[in-house]
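> Only the shape, not the letters, is given here:
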């Protein structure tokens, strides 16, 4: 073999080796992460999810009430629930509209994410509840739960299996909108609830 051809083939072989070494090895297949089960959320989180959609319905909307919804698919715990329902009102439209936020599809017309119900007429504050701006909610339901549990420790200890529900309303009896932490399946059947200020997170009163 002529010297020049020998040098040429040597250079080509070296170049092929370099190219082979520089090639990026195929990326390792990513392992699929296990799907996390749906978890309950706080009332404030759900409220702002619903508020974001409701703003498109009315720019002057205010909150009339917020309440937790117990689901069989997702256990409520620590001031969190699998679903929440809020009612917003618009004075300019003179209309009210309810929205739900759920972490799963469930019975009772509950859909995963935010779902709007049909509008209803609204003529202004009546009865015990009055609307309030969403900015008034500075204390979340999990914090309200901690405060209520502290003041209702004896009752909670004697009734460990009683379910808890949460409501956020503004009534004339309170200076600010307040969380009502209720022991029982409903307001009507409950014989014990604790009110917590949603602006400052302070204990307000206990209702027997």
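Thanks, I have the structure now. Bear in mind that the values here come from a model prediction, so they are computed numbers and not experimental data. Numbers count the residues shown, from 1 in each chain.
> Nearest residue to the middle of the protein?
Nearest residue to the geometric centre of the chain (CA atoms, centre = their mean): residue 46, 3.2 Å.
> low-confidence ranges in this structure?
Scanning the chain for pLDDT under 70 picks out 1-30, 32.
> before we move on, back to that, nearest residue to the residue nearest to the centre of the chain other than its sequence neighbours?
residue 84 (3.7 Å; CB to CB, 6 or more residues apart in numbering). Every C-beta, even on glycine, is put in place using the N, C-alpha and C of the backbone.
> Which parts of the chain are helices?
3-22, 43-57, 141-151, 153-158 (DSSP state H).
> Contacts for the third one next, please.
This means helix 141-151. With contact meaning CB atoms under 8 Å, 6 or more residues apart in numbering, helix 141-151 is reached by 42-44, 68, 78-81, 156, 164, 166, 168, 179, 181, 194, 196, 198, 201-203, 206.
> Are any of the residues you listed buried, and if so which?
Those of those that meet the buried threshold are 42-44, 68, 79-81, 156, 164, 166, 168, 179, 181, 194, 196, 198, 203, by 16 or more other CB atoms under 10 Å.
> In strands, which of the residues you listed appear?
Residues of the buried ones among the contacts of helix 141-151 located in strands (DSSP state E): 42, 68, 80-81, 164, 166, 168, 179, 181, 194, 196, 203.
> nearest to residue 106, of these?
Proximity of those to residue 106 (CB to CB) peaks at residue 81, which lies at 11.5 Å.
> where's the closest one relative to residue 68, distance?
Using CB to CB, to the nearest Å, we find residue 81 at a distance of 4 Å from residue 68.
> Which neighbours do those two have in common?
Common neighbours of residue 81 and residue 68 (CB under 8 Å, 6+ apart) are 43, 141, 165-166.
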